[in-house]
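>>> A structural model of the following input is requested.
(chains A and B)
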Amino acid sequence: GAVVSQHPSWVICKSGTSVKIECRSLDFQATTMFWYRQFPKQSLMLMATSNEGSKATYEQGVEKDKFLINHASLTLSTLTVTSAHPEDSSFYICSARDPSSYEQYFGPGTRLTVT
Amino acid sequence: QQPVQSPQAVILREGEDAVINCSSSKALYSVHWYRQKHGEAPVFLMILLKGGEQKGHEKISASFNEKKQQSSLYLTASQLSYSGTYFCGTEISSGSARQLTFGSGTQLTVLP
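Just a heads-up that it's a prediction; the model follows:
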């Protein structure tokens, strides 16, 4: 299957700082990538849809000024958590859909801990 | 709207079979199945498209009943490695966004 990478795997930061998470599709071009958030023992909640060359589409209740998304190229999307607070601590996972097969693949996830 | 998955959890002995169901109140374009192990990202299992598909790979197969907006995942002769949480992701339109909405998950435990 296709490969999606994410970096970093985990990050610990202090409250008030910003954290950038990168998501790359390694063997296909993705005009659309998705960012999810997952709390322990819960389902995957879609935060936003990242569109290459245009603004991201955010789900209801997700603050676009807090979770900045940039989709600079067909293989890279970034999520920046600005002014992070402890309640932002979570598992953040990106995904990308292979346009040739409709299959959607997830990156390995980034565990964010805000102290 | 989040699809409904059942059961919430199931415990099996190695070699036993299991069925996980996923249903939606909306007309579906596709259903995607994933398995997630603790602390890891979900791993893609298979996709079923509108048209009433059935698919399988080794001892894991799935069906999609378009009329009922339901999909079922069948695990045959389960192995220890099948343990994990299974999620179905549903797509309700064939528009450009192609967003998936995930069910609450089914926790499967296979015991030796």
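
>>> Could you double-check that residue B:103 sits in contact with residue B:4?
Yes. Counting by Cβ atoms under 8 Å, residue B:4 is a contact partner of residue B:103 at 6.5 Å. From N, CA and C alone the C-beta is placed, and that goes for glycine too.

>>> Can you name the residues of chain A that neighbour chain B?
A:1, A:6, A:32, A:34, A:42-46, A:49, A:57, A:93, A:95, A:97, A:101-109 (Cβ under 8 Å from any Cβ of the partner chain).

>>> ok, back up a step: residue B:103 and residue B:4: which has the busier surroundings?
Set side by side, residue B:103 and residue B:4 show more neighbours around residue B:103, with 24 against 14, by other Cβ atoms under 10 Å in any protein chain shown.

>>> give the contact list for the more buried one.
Contacts for residue B:103 (Cβ atoms under 8 Å, 6 or more residues apart in numbering or on different chains) come out as A:43, B:2, B:3, B:4, B:5, B:22, B:87, B:88, B:89, B:90.

>>> hang on, the earlier thing: which ones among the residues of chain A next to chain B are found in strands?
A:6, A:32, A:34, A:45-46, A:49, A:57, A:93, A:95, A:97, A:104-106 (DSSP state E).

>>> What is the lowest-pLDDT residue among these?
On pLDDT alone, residue A:97 ranks lowest of these, at 85.

>>> Distance-wise, check that residue relative to residue A:105.
With distances taken as Cβ to Cβ, to the nearest Å, residue A:97 is found 8 Å from residue A:105.

>>> got a list of what the nearest residue to residue A:34 once chain neighbours are set aside touches?
Nearest residue to residue A:34, sequence neighbours excluded (Cβ to Cβ, 6 or more residues apart in numbering or on different chains): residue A:95, at 4.7 Å. Contacts for residue A:95 (Cβ under 8 Å, 6+ apart) come out as A:4, A:33, A:34, A:36, A:104, A:105, A:106, A:107, B:100.

>>> So what's the gap between stretch B:78-90 and the chain middle?
In terms of Cα atoms, centre = their mean, to the nearest Å, the centre of stretch B:78-90 is found 8 Å from the chain centre.

>>> avg pLDDT for that stretch?
Mean predicted lDDT for stretch B:78-90 stands at 96.

>>> for it, which positions count as buried?
Within stretch B:78-90, the residues that qualify as buried are B:78, B:82, B:83, B:84, B:85, B:86, B:87, B:88, B:89, B:90, counting by 16 or more other Cβ atoms under 10 Å in any protein chain shown.

>>> Can you list which of those residues are found in strands?
Short answer: the buried residues of stretch B:78-90 in strands (DSSP E) are B:84, B:85, B:86, B:87, B:88, B:89, B:90.

>>> The second one touches residue B:106, doesn't it?
Going back to what we said before, that points to residue B:85. Yes. If you go by Cβ under 8 Å, residue B:85 and residue B:106 touch, sitting 6.7 Å apart.
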